[in-house]
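Novice: got a structure for you, letters missing:
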């Protein structure tokens, strides 16, 4: 039986793959610019004047994934390959719930207070753990195995920085052809690609396992206590009858 996490992920990934079907990249590293996004679609319009195509691509900030021989771009934030030091992958479900969704909510014109982003992230992590306790997700099967190249680490002038995809770009990266394209192009430039050590879904699964274990021990102890109490009560009843 599919868990709620499986269902939600399947719907999101299915939506993203339906959009990508006509424009999936070819296997292997890219040899020319490939991209999906608001600005990319606008720049490809047949009647779009050449000089305005660059201006149209400014719309990529509303959601895009662009890969080229020279660099990579998420949501209009572009970095050249020779500045990238590594790419870390994360499981899609955990990344959406603990990273992209809190960021989107944090942009809403609601009351702001110091640390609101941390509170939102903490709340989503707690919710993910609670779902994991109930659903007991199997991380080695189904849609929970889906991962995306979620963090591109690069050198800056004074310190390093990361670029990360937002919600629409994450769904694009969940498509196997896009994910493989990003990873193949990165490796062609000698950039390591590996899984993040603090993946949110795996952390939630470990917490859930610890919680279930603690609950199981508590139930066992309670059961033994009830048994002892029943035995003592029975013995007391026998003595009073005598």
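Specialist: In hand now; what should we look at? Owing to the predicted nature of the structure, the values given are computational and were not obtained by experimental measurement.
Novice: make it CA atoms for all contacts and neighbour counts henceforth
Specialist: Noted.
Novice: would you list every one of the strands in this structure?
Specialist: Along the chain, the stretches classed as strands by DSSP state E are 34-37, 64-67, 71-74, 77-80, 84-91, 147-154, 161-163, 193-195.
Novice: just so I know, which of those strands lies nearest residue 129?
Specialist: Closest to residue 129 of these, according to CA to CA: strand 84-91, at 14.6 Å.
Novice: Just want the angle from the closest one to strand 147-154.
Specialist: Between the axes of strand 84-91 and strand 147-154, defined by axes from the mean of the first three to the mean of the last three CA atoms, to 10 degrees, the angle is 150 degrees.
Novice: in its sheet, what does strand 84-91 sit against?
Specialist: Here strand 84-91 has these sheet partners by DSSP bridges: strand 147-154 (antiparallel), strand 193-195 (parallel).
Novice: from those strands, which stretch is densest packed?
Specialist: Of all the strands paired with strand 84-91, strand 147-154 has the most neighbours on average by mean count of other CA atoms under 10 Å, namely a mean of 22.
Novice: Next, format the strands of the chain as a markdown table and append mean pLDDT and distance to residue 44.
Specialist: Shown next, in a markdown table, are those (pLDDT from 0 to 100; distance: least, CA to CA, whole Å):
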| stretch | mean pLDDT | distance to residue 44 |
| --- | --- | --- |
| strand 34-37 | 86 | 11 |
| strand 64-67 | 92 | 14 |
| strand 71-74 | 94 | 17 |
| strand 77-80 | 92 | 19 |
| strand 84-91 | 93 | 28 |
| strand 147-154 | 92 | 26 |
| strand 161-163 | 88 | 25 |
| strand 193-195 | 92 | 31 |
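Novice: Those: which one's closest to residue 210?
Specialist: For residue 210, the closest of the strands of the chain is strand 84-91, at 20.5 Å, according to CA to CA.
Novice: rewinding a little: would TSV of the strands paired with strand 84-91 with distance to residue 78 be doable?
Specialist: As requested, the strands paired with strand 84-91 are exported to TSV (distance: least, CA to CA, whole Å):
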stretch	distance to residue 78
strand 147-154	10
strand 193-195	18
